[in-house]
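A.B. asks: One predicted model, sequence on top.
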Amino acid sequence: MIGAGRVAQVHLGNLKQMKDIKVKTICDIFAEDSWKERFSVENVTKEAADIFNDPEIDAVFICTPTDTHTDLTIQAANAGKHIFCEKPVGTEEASILDAYHAVLANNVKFQTGFNRRFDKSHEKVKLEAASQAIGERHILKITSRDPEPPNIDYVKRSGGIFMDMMIHDFDMARFMMDDEVEEVFTYGNSLVDPEIGAAGDVDTAIVSLKFKNGAMGVIDNSRKAVYGYDQRIEVFGEKGMLQSLNQPDYHVNRYTAQSVEAGTPKYFFLERYQDAFFNEEVAFFDSIRQDQPTKCSFKDGIMAIRIAEAAKKSLETGEKVAVNLEIK
């Protein structure tokens with residue numbers, strides 16, 4: 001495990017539940033010897049090279065800040081380690097492509113950490129849509145709203161709402177529609193927290209998508225939904241519609257003469273996508289054992305970044321922006 005922050009600890013907790021997986025080493029720049037006992041691992045280190053040089057280690061989880069992902073990916077690939085990398089896969093196009101080619105050249109597995117693909121409800125919508133249950137897909141709608149905005153320090157280093165938050169939705173758009181997004185148009189503003197605007201970002205955004213096959217989509221994001229973590233997906237087609245709705249804390253509705261009440265959505269991503277994190281990890285190890293392609297590839301990571309970059313450019317220019325679909 002490279003990185004020991006919040007998402008790394010989510011992965012670590014899940015891996016500890018897998019009887020046939022051993023987490024041998026944790027690497028983090030703040031690593032302390034006491035972490036061996038804290039995380040129940042054999043080794044802790046501040047040097048990623050200790051992991052890459054260990055012949056007993058088969059795979060690495062890269063859960064460090066985004067600007068380190070490509071360098072660590074190249075080192076891991078050259079060391080023959082299979083790679084699970086949290087999103088985004090990098091920050092600069094040239095270095096991302098260098099990492100991509102290193103993975104191909106060394107014939108190692110690479111999975112991008114878009115956990116929402118592995119949510120059972122979302123996955124059911126995808127399978128139904130792909131089976132032509134609603135015929136040709138015409139319109140996609142994705143709503144993704146956080147319960148509260150992040151702190152400003154995080155905003156300044158996150159890459160912005162399109163790279164940090166909506167990038168999940170860009171991946172889901174390609175996943176749900178089985179097609180590439182070729183053009184985007186963006187509206188955005190700072191309506192939640194003026195400090196986010198002062199930091200050069202927006203906290204509320206709507207992006208319109210045009211797919212290669214002519215289908216259309218719309219994604220809306222907000223950094224603050226007072227009622228909880230709002231996660232909804234709708235796929236509309238010629239023969240009907242499919243929806244994946246919010247998961248409330250409880251599935252009981254109360255009807256009276258005065259009102260109708262239901263449970264609020266789960267509070268945040270750790271609660272909402274707890275099972276999805278576990279499922280994506282199982283899928284990663286299955287791809288290694290079975291020597292099959294990963295279910296969320298390096299290409300998927302690259303394309304989500306390119307859509308995010310196009311969305312940001314559209315916001316800045318006020319114009320429609322084409323997405324680069326060619327990977328060389």
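C.D. replies: Alright, I've got the coordinates. Numbering: from 1, shown residues only.
A.B. asks: list the contacts for the closest residue to D146 other than its chain neighbours?
C.D. replies: Using Cβ to Cβ, 6 or more residues apart in numbering and skipping the chain neighbours, the partner closest in space to D146 is R223 (5.3 Å). Heads up, the C-betas are built off the backbone N, CA and C, glycines and all. Applying Cβ atoms under 8 Å, 6 or more residues apart in numbering, we find R223 in contact with 145-146, 148-150, 161, 165, 192-193, 196, 203-204.
A.B. asks: quick one: V155 and V202 touch, right?
C.D. replies: No. Using Cβ atoms under 8 Å, V155 makes no contact with V202, being 10.2 Å away.
A.B. asks: what residues are shared contacts of those two?
C.D. replies: Listed as contacting both V155 and V202 by Cβ under 8 Å, 6+ apart are I196.
A.B. asks: ok so, going back, got the confidence number for the residue nearest to D146?
C.D. replies: You'll see R223 listed with a pLDDT of 98.
A.B. asks: Pop out the phi and psi values for it.
C.D. replies: Torsion angles at R223 (phi, psi; degrees, to the nearest 10) stand at phi -80, psi -10.
A.B. asks: What of I233?
C.D. replies: phi -130, psi 140.
A.B. asks: S131: neighbouring residues, count only.
C.D. replies: Counted with other Cβ atoms under 10 Å, the neighbours of S131 add up to 8.
A.B. asks: Please tell me how far it sits from S121.
C.D. replies: Distance, S131 to S121, by Cβ to Cβ, to the nearest Å: 16 Å.
A.B. asks: partners of the closest residue to L140 other than its chain neighbours in the sheet?
C.D. replies: Of all residues not flanking L140 in the chain, G217 sits nearest, at 3.6 Å (Cβ to Cβ, 6+ apart). Beta-bridge partners for G217, by DSSP bridges, are L140, L209.
A.B. asks: in terms of contact, does G217 touch I206 like I think?
C.D. replies: No. Under the criterion of Cβ under 8 Å, G217 lies out of contact with I206, with a separation of 11.1 Å.
A.B. asks: So for these two, which sits in the more crowded spot?
C.D. replies: G217 (27 against 15).
A.B. asks: where does the residue located most distally from the centre of the chain land in three-state SS?
C.D. replies: The C-alpha centroid of the chain is most remote from A257, which lies 42.4 Å away (Cα atoms, centre = their mean). Judged by DSSP: H, G, I helix; E, B strand; the rest coil, the three-state class of A257 is coil.
A.B. asks: List the contacts of it.
C.D. replies: By Cβ under 8 Å, 6+ apart, A257 has no neighbours at all.
A.B. asks: And for D249?
C.D. replies: When contacts are counted by Cβ under 8 Å, 6+ apart, D249 touches 263-266.
A.B. asks: Lowest mean pLDDT among the helices and strands of the protein, which one is it?
C.D. replies: Ranking every helix and strand in the chain by mean pLDDT, DSSP states H and E puts helix 152-158 at the bottom, with a mean of 88.
A.B. asks: Show me what it is packed up against.
C.D. replies: helix 194-198 (3 or more Cβ pairs under 8 Å, 6 or more residues apart in numbering; DSSP states H and E).
A.B. asks: Give the other helices and strands that the helix it packs on contacts.
C.D. replies: By 3+ Cβ pairs under 8 Å, 6+ apart, helix 194-198 packs against helix 152-158.
A.B. asks: With only the CA atoms kept, save the helix it packs on in CSV.
C.D. replies: Presented in CSV, the C-alpha positions along helix 152-158 are these (Å, rounded to 0.1, in the frame of the first residue of the first chain):
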residue,chain,number,x,y,z
ILE,A,152,-10.1,25.3,1.0
ASP,A,153,-6.7,23.6,1.3
TYR,A,154,-8.1,20.5,-0.3
VAL,A,155,-9.8,22.6,-3.1
LYS,A,156,-6.5,24.2,-4.0
ARG,A,157,-4.7,20.9,-4.5
SER,A,158,-7.6,18.7,-5.7
